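*Asks:* model this:
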Amino acid sequence: MAYTPELSRKDSSTLRRLAWGLNRPMTKTIQIVIEEYSKSVEQEQICKSCRDRTKCNECMFNGKGGG
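*Replies:* This next block holds a predicted model:
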């Protein structure tokens, strides 16, 4: 992974509780959160603002089910 953002205490605490609720590790839980949230955003909005066109073939927002 190229970049790992730090979580605030509140966000870390929230993620921990979600993980407990899902009975999964926090690393898997954050993946689930990202995947589920990604389903609710507009693909066109994401692609329009994308700054890395080198990953389109593997991107989940490309409309081809990548990622």
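*Asks:* same for the helix or strand of the chain with the lowest mean pLDDT, what does it pack against?
*Replies:* For the chain, counting by mean pLDDT, DSSP states H and E, helix 43-49 ranks last in confidence among helices and strands (a mean of 92). Based on contacts counted as 3 or more C-beta pairs under 8 Å, 6 or more residues apart in numbering; DSSP states H and E, there is no element that helix 43-49 packs against. For every residue, glycine as well, the C-beta is placed using N, CA and C.
*Asks:* from the middle of its chain, how far away would it be?
*Replies:* Distance, stretch centre to chain centre, for helix 43-49: 15 Å (C-alpha atoms, centre = their mean, to the nearest Å).
*Asks:* all helices for this protein, in order.
*Replies:* Assigned by DSSP state H, the chain shows helices spanning 9-22, 26-38, 43-49.
*Asks:* just checking, what packs against the first one?
*Replies:* So that's helix 9-22. Against helix 9-22 (3+ C-beta pairs under 8 Å, 6+ apart) you get helix 26-38.
*Asks:* buried sites along the helix it packs on?
*Replies:* Met26, Thr29, Ile30 (16 or more other C-beta atoms under 10 Å).
*Asks:* distance from the chain centre to that helix, please.
*Replies:* Centroid displacement of helix 26-38 relative to its chain, using C-alpha atoms, centre = their mean, is 6 Å.
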